[in-house]
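In: Make a model of this:
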Amino acid sequence: MSDTQNENITSEAAEADSAGTDTAGTEAVGTDSAAGADSTEAADVSGPKVSDDSGDLESEDDDDSDDDEDEDDENPLEVEAEIAADYLEELLDIADLDGDIDTYIEGNRAHVSIVSQSETLVGADGQVLDALQELARLAVMTETGDRSRLMLDISGYRDRRRKQLIDLATDAVEEVKANSEPVALAPMNPFERKIVHDAVAAAGLTSASEGEEPKRRVVVQPSA
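Out: Purely as a prediction, here's the structure:
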C-alpha cells in the first residue's frame, strides 16, 4: 500500500472518531435536557401539595371559627336549663325515681319541670321541691360561674300553689278593706311572697314583708 493510501485511511479514521465524539456529546446534552425536564416536572408535582395542605388547614380553621360562633350565640338561659336538667336527671337515677323532665324559658328565667307520680320530690309544703331547686341552682352556678334564678316545678305543684296564694291574698285584701287593719299572713318563701305582693298590688292595696327567714311573712296594709 502506498504512502498516499495510508494517509487517507488515517484521515478517515480521525474523522470517524471526531464524529463519534460529537454524537456522544449530543446524546449527553439530550440526556441532561431530559433530566432537567424530569426535575422540573418533579418540582411542579411537589409544589401544589403544599398549597393543598394549606387549604385544608384554612378549612379546618374556618370550621373551628364557626363552632365558636355557634357556642357564643347559645342562649345563656337555655344553657342554665340544660345543666339543671342533667343534674336533676342524675338525682332521679340515684334515687331510683321516675320522672319526665322538660325545660323552657319564661319571664326571663330558665324553667325546669318534672312530671312525676311521686310526691316525695315535693315534700310537705313544697320543702323538698325548694331544696331541689336550690341544688339545681348551685349546679348551674358551679358550671357557669354565674348566679342562677332558675325555677323548678314538680308535677304542677307551683301552679297549684300560685292559685292558692292568689285566693289567700284576695281574702286578706277584703279583710283589710272591711276592718282597715293590717293582716299578717303565714310565713312564705320569696317566690310565694312575690305572688302575694303582686296580687295585693293588683287589688289596689300595699303590702310589706316582715321578719327573718324562714319565718318571713307578708303583711297587707290598709290604704292611707
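
In: At which residues are the helices of this protein located?
Out: 3-73, 76-95, 127-144, 157-179, 190-202 (DSSP state H).

In: is it true that residue 188 touches residue 215?
Out: No - using C-beta atoms under 8 Å, residue 188 is not in contact with residue 215, being 9.7 Å away. Using the backbone N, CA and C atoms, a C-beta is placed for each residue, glycine as well.

In: what about the two, which has more around it?
Out: The neighbour comparison of residue 188 against residue 215 (other C-beta atoms under 10 Å) goes to residue 188, with 21 against 10.

In: Can you give me every residue that contacts the more buried one?
Out: Residue 188 is in contact with 165, 196, 216-218, counting by C-beta atoms under 8 Å, 6 or more residues apart in numbering.

In: Okay, now the unreliable bits of the chain?
Out: Along the chain, the parts satisfying pLDDT under 70 run over 1-72.

In: on that earlier part again, need the max-distance pair from the contacts of residue 188.
Out: 165 and 216 (14.7 Å; C-beta to C-beta).

In: Just want to know which of those two has more residues nearby.
Out: More crowded of residue 165 and residue 216, by other C-beta under 10 Å: residue 165, with 21 against 14.

In: excluding its backbone neighbours, what's nearest the more buried one?
Out: residue 195 (4.6 Å; C-beta to C-beta, 6 or more residues apart in numbering).

In: from what I can see that neighbour touches residue 159, true?
Out: No - in this structure, residue 195 is not within contact of residue 159 by C-beta under 8 Å, at 11.0 Å.

In: Looking at these two, which is more packed in?
Out: residue 195 (20 against 10).

In: give the contact list for residue 215.
Out: Counted by C-beta under 8 Å, 6+ apart, residue 215 has contacts residue 187.

In: what separates it from residue 193, distance-wise?
Out: Plainly put, residue 215 is 12 Å away from residue 193 if you go by C-beta to C-beta, to the nearest Å.

In: and if you look at residue 159?
Out: For residue 159, the distance to residue 193 - C-beta to C-beta - is 17 Å.

In: Who are the contact partners of the nearest residue to residue 79 once chain neighbours are set aside?
Out: The spatially closest residue to residue 79, leaving aside those adjacent along the chain, is residue 144, at 6.8 Å (C-beta to C-beta, 6+ apart). Residue 144 sits next to 76, 79-80, 83 when contact means C-beta under 8 Å, 6+ apart.

In: Could you give the number of residues near the nearest residue to residue 184 once chain neighbours are set aside?
Out: Distances taken as C-beta to C-beta, 6+ apart put residue 219 closest to residue 184, at 4.7 Å, once the chain neighbours are dropped. Neighbour count for residue 219, taken as other C-beta under 10 Å: 17.

In: looking at the sheet around residue 219, what are its partners?
Out: For residue 219, the beta-bridge partners are residue 184, residue 208 (DSSP bridges).

In: how close does it sit to residue 133?
Out: Distance from residue 219 to residue 133, by C-beta to C-beta: 26 Å.
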